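J.: Let me see the structure of the following:
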Amino acid sequence: MGPLFLAFALAVLAWLLVVGDLVRRHRPAWHWYLIGYPTAAWRVVFTWRRVALLNDLAVSRLPARTLVGHLLVKGEPVRPVAPRISFPRATRMGLSVVVRLHAGQTPATYMQAADALVHAWKVHAVRVTSPERGLVLLTATATDPLERPGLASAPAELLSALIGALETGGAWVMNLRLVPHWLIAGVTRSGKSTLLARLITQLAPQPVALVGIDCKGGMELGLFTDRLSALATCRREAVAVLTVLVVDMQDRMSACRTAGVRSIWELPDKLRPVPVVVLVDEIAELYLSDGTRQSKAEAEQCSTLLLRLAQLGAALGLHLVVAGQRVGSDLGPGVTALRAQLGGRICHRVNDPGTAEMTLGDLNKDAVTVAQAITAQERGVAVCTGPDGGWARARSHLTPTDEAVATARKYSGMTPELPALDRALVALEGDGK
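T.: Alright, predicted model coming up:
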């Protein structure tokens, strides 16, 4: 019986390992709830006190009667007390723990200890937030949910684009009706251009006008000319395009005032002008100056026109999506003023802390830290803001260039005609000759 029983036990063990591996690969959520969560919860409970002591999360409390040197009357040393924690609560692919802070403690200490918690609990990441005073919420994720994100479904709405997936597993949606203007930062090969391509493919089937400003000679946005109502490829053309849009914005104001409404969305369908989404690639090219009088004048014009569109365009169906490798205060006060009007923020991997700070710093300091931790291998990963004012890590859906170009060509028949823009660009070409 002994050898037979051992062979049977080994066979059962091997079968369990095979089944467990299949469940882990094909049903990761099941594997997490059945095996991963109990193991991780055990680690949290039984390592908490030691981790708290090693990372200065514990507080020494003095008893009422002590001797000099922090010794009790009986000669026993004062023992540090770890903060109280709740029992780990399971989430879809992680767990969360609520910590009750000692008097005088702040969440900053726990943010510094996040890496230590990752190693102690053997999880992918630990995020520290403070839902209310005196409490800290530690949210651990078992694996990187953005490593192979699935493209979740999202309701089809006008001026709404399904970009990718959030770290929470939900859909990453850019809804220009809720958040009318966006700032996107990211270095080359960080995923910024892929995100713009994805945005264009999502907006192409919708009854909206897309206007491109790409001062790199149209290298990026020029691929989608079939679906663009206008494309400016230099700063001189950008000034002309933005000027026409500001004039159009004033006409829309007059139409709303005449109808007694406060936005174009309150106008009857037959009177409502087409929404316009202005895509600006490499914002720095509009603000940098070579020192000549003409260059300075063009930069100031671009700054003023963009700011006017951002301040007044939301209710009039004029939306800005501004992207750049570097967005810093060194580009001038106009960039800082424009940034304040761009409520939506997306920060990919950046080369300098100043760009991350400019993109996310006025919203949440924690988001800046997380954005700076994005590695070169995490292409498409970014920190984005949501309509509720919060933020999350997200990854855009990989949209190949040829697929995006084919989509733009497919819906070229839906491109609204904006005669004023065409006339302005033609006039510039005539002046050039």
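J.: contacts, neighbours, all on C-alpha from now
T.: Fine.
J.: Packing partners of the strand or helix carrying Val280?
T.: Per DSSP states H and E, Val280 falls inside strand 276-281. The helices and strands touching strand 276-281, judged by 3 or more C-alpha pairs under 8 Å, 6 or more residues apart in numbering; DSSP states H and E, are strand 209-214, strand 318-324.
J.: which residues of the stretch 1-150 of the chain fall in strands?
T.: For the stretch 1-150 of the chain, applying DSSP state E, counting those that start in this stretch gives strands covering 59-60, 66-67, 71-72, 80-81, 84-85, 89-91, 94-100, 125-129, 135-141.
J.: that older thread, the strand holding Val280 vs strand 209-214, what angle?
T.: Angle, strand 276-281 to strand 209-214, by axes from the mean of the first three to the mean of the last three C-alpha atoms, to 10 degrees: 20 degrees.
J.: strands paired with strand 276-281, and their directions?
T.: Take DSSP bridges as the rule and strand 276-281 pairs in its sheet with strand 209-214 (parallel), strand 318-324 (parallel).
J.: what's in contact with whichever helix or strand comes after it?
T.: Where DSSP H and E defines the elements, the next helix or strand beyond strand 276-281 is helix 284-287. By C-alpha atoms under 8 Å, 6 or more residues apart in numbering, the residues outside helix 284-287 that reach it are Cys215, Arg235, Ala299, Glu300, Cys302, Ser303, Gly324, Arg326, Val327, Leu331, Gly332, Val335.
J.: Identify the residues contacting the first one.
T.: Contact partners of Cys215, counting by C-alpha under 8 Å, 6+ apart, are Ala232, Thr233, Cys234, Arg235, Ala238, Asp281, Glu282, Glu285, Leu286.
J.: pretty sure the fourth one contacts Glu298?
T.: Yes. Contact status for Arg235 versus Glu298: in contact at 7.0 Å, counting by C-alpha atoms under 8 Å.
J.: Neighbour count: those two, which is higher?
T.: Comparing Arg235 with Glu298 by other C-alpha atoms under 10 Å, the one with more neighbours is Arg235, at 22 against 19.
J.: For Arg227, see how far away that one is.
T.: Counting by C-alpha to C-alpha, to the nearest Å, the gap from Arg235 to Arg227 is 21 Å.
J.: What of Lys296?
T.: Per C-alpha to C-alpha, Lys296 is found 32 Å from Arg227.
J.: To Val128, which of the helices and strands packed on strand 276-281 lies closest?
T.: Among those, strand 318-324 comes nearest to Val128, with 29.0 Å by C-alpha to C-alpha.
J.: Now do that closest one: distance to the chain's middle.
T.: Chain-centre distance of strand 318-324: 15 Å, with C-alpha atoms, centre = their mean, to the nearest Å.
J.: what sits up against it?
T.: Identification of contacts with strand 318-324 by C-alpha under 8 Å, 6+ apart yields 176, 180-187, 192, 249, 275-284, 309-310, 313, 342.
J.: Contacts only, for Gly334.
T.: Going by C-alpha under 8 Å, 6+ apart, Gly334 touches Ser303, Thr304, Leu307.
J.: Take those and keep only those in strands.
T.: Counting by DSSP state E, no part of the contacts of Gly334 is found in strands.
J.: export those residues to TSV and tack on distance to Pro419, neighbour count and pLDDT?
T.: Below are these laid out as TSV (distance: C-alpha to C-alpha, whole Å; neighbours: other C-alpha atoms under 10 Å; pLDDT from 0 to 100):
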residue	distance to Pro419	neighbour count	pLDDT
Ser303	24	20	92
Thr304	23	18	93
Leu307	23	20	94
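J.: Could you chop the protein up by domain?
T.: Taking automatic domain parsing as the criterion, the chain consists of the domains 26-141, 160-432.
J.: deepest of the ones you listed, which one?
T.: The highest mean neighbour count among these, using mean count of other C-alpha atoms under 10 Å, belongs to domain 160-432: a mean of 19.
J.: Relative to the whole chain's centre, how far out is that one?
T.: The answer for domain 160-432 is 15 Å, by C-alpha atoms, centre = their mean.
J.: try stretch 122-129
T.: Distance, stretch centre to chain centre, for stretch 122-129: 18 Å (C-alpha atoms, centre = their mean).
J.: Could I get the full set of helices for the stretch 101-250 of the chain?
T.: Assigned by DSSP state H, counting those that start in this stretch, the stretch 101-250 of the chain shows helices spanning 107-112, 114-121, 192-203, 235-259.
J.: Pick out the shakiest of those, pLDDT-wise.
T.: Looking at the helices of the stretch 101-250 of the chain, the lowest mean pLDDT belongs to helix 107-112 (a mean of 86).
J.: hang on, isn't Ala204 packed against Thr407?
T.: Yes. Using C-alpha under 8 Å, Ala204 is in contact with Thr407, at 7.3 Å.
J.: Just the CA trace of stretch 371-380, in CSV.
T.: The C-alpha trace of stretch 371-380 is given here as CSV (Å, rounded to 0.1, in the frame of the first residue of the first chain):
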residue,chain,number,x,y,z
ALA,A,371,4.6,58.7,-14.2
GLN,A,372,8.3,59.1,-13.6
ALA,A,373,8.5,55.4,-12.8
ILE,A,374,7.3,54.3,-16.3
THR,A,375,10.1,52.4,-18.0
ALA,A,376,11.2,52.4,-21.7
GLN,A,377,9.8,48.8,-22.0
GLU,A,378,6.3,50.0,-21.1
ARG,A,379,5.4,51.5,-24.4
GLY,A,380,1.8,52.9,-24.4
